[in-house]
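Enquirer: Here is a sequence with its predicted model. Questions after.
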Amino acid sequence: MNIGELQRALRQLRLSGMAAVLETRLHQAQAEPMAPNDLISCLISDELMLRSDRLLERRRKQAGFRDAHRALDSFDFTFNPKMNRSLVFDLATCGFIGRREDALFLGPGGTGKSHLAQAIGQAAILQGYRVFYREAHVLLDELADAVADGKRKQYLESLSAVPLLIIDDFGMRKLPLTAAEDLLEIVMRRYERASTLLTSNRPVEDWGKLLGDTAAVSSMLDRLLHHGHVLKCGPRSWRTKASASVA
């Protein structure tokens, strides 16, 4: 076989990583020179690297992050110096996911809750976990669509199975009348089985009034806080900072 035929054969075998670098590696083997087992080792490493990169990219797309490039190294902790940095970095190790614990990020709008939640989601993907991110109102809209399509059970089962569910911006928008019951069911299905990270600009004391169902909210909080980590992200807001800078 010539190089072109070898590349086509490798792609038929779904070894596109090897096919992409085959010619380069063959030139390298001639130039160095390289032992046959070293050449094979390099080609296998190239294939594994490509598959790993593709898996990460696929999981990032499946997660559905609103801001795909949020990371801890781009977060300004000095802006809110009282924030518990130790907790943030501990959560970013993703040990809490392995222990099936939960987390609440609370604070006014613009204090970095969404940034940190998505950064931890990205860290989880790098460590091999599947992640699903949705803003609270979008999650409930999707559930309503699933109900209309007769697929409520399947949708809830898919939510229950993902190792880390991030529910962002709870309290930012008006939610449907069924929100309390729906969120409680989601949390109950995941309790001690998978991790949920929820961000909210409302203190937990307001959730009962917000959802109009104090009993459901109380049950939901009991589960979220039982093995939960609470990060307070206030009081200073990035939006306030930006306004002051303009002024």
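Expert: Great, that's in hand.

Enquirer: going forward, measure contacts between C-alpha atoms and count neighbours the same way
Expert: Will do.

Enquirer: how far does the longest helix along the chain sit from the chain's center?
Expert: Counting by DSSP state H, the longest helix found in the chain is helix 36-63. Offset of helix 36-63 from its chain centre (CA atoms, centre = their mean, to the nearest Å): 21 Å.

Enquirer: for it, packing partners?
Expert: Packing contacts for helix 36-63, counted by 3 or more CA pairs under 8 Å, 6 or more residues apart in numbering; DSSP states H and E, involve helix 16-31, helix 113-126, strand 131-135.

Enquirer: OK, contacts around the most centrally placed residue in the chain?
Expert: In the chain, the centroid-proximal residue (CA atoms, centre = their mean) is Gly121; its distance is 2.9 Å. Applying CA atoms under 8 Å, 6 or more residues apart in numbering to Gly121 gives the contacts 131, 164, 166.

Enquirer: Between those residues, which sits nearest Phe105?
Expert: For the contacts of Gly121, the residue nearest Phe105 by CA to CA is Ile166; the value is 10.6 Å.

Enquirer: ok, that closest one to Gly150 distance?
Expert: 24 Å (CA to CA, to the nearest Å).

Enquirer: Neighbour count for the two, which is higher?
Expert: Ile166 (27 against 11; other CA atoms under 10 Å).

Enquirer: same question for the helix or strand the more buried one falls within, mean pLDDT?
Expert: If you go by DSSP states H and E, Ile166 is part of strand 164-170. Regarding strand 164-170, the rounded mean pLDDT is 96.

Enquirer: next one: stretch 83-94
Expert: 95.

Enquirer: Stretch 23-33 too?
Expert: 87.

Enquirer: Go through it and flag the buried ones.
Expert: Within stretch 23-33, the residues that count as buried by 16 or more other CA atoms under 10 Å are Arg25.

Enquirer: can you list the residues that contact that stretch?
Expert: Residues contacting stretch 23-33 (CA under 8 Å, 6+ apart): 3, 34-35, 39, 42-43.
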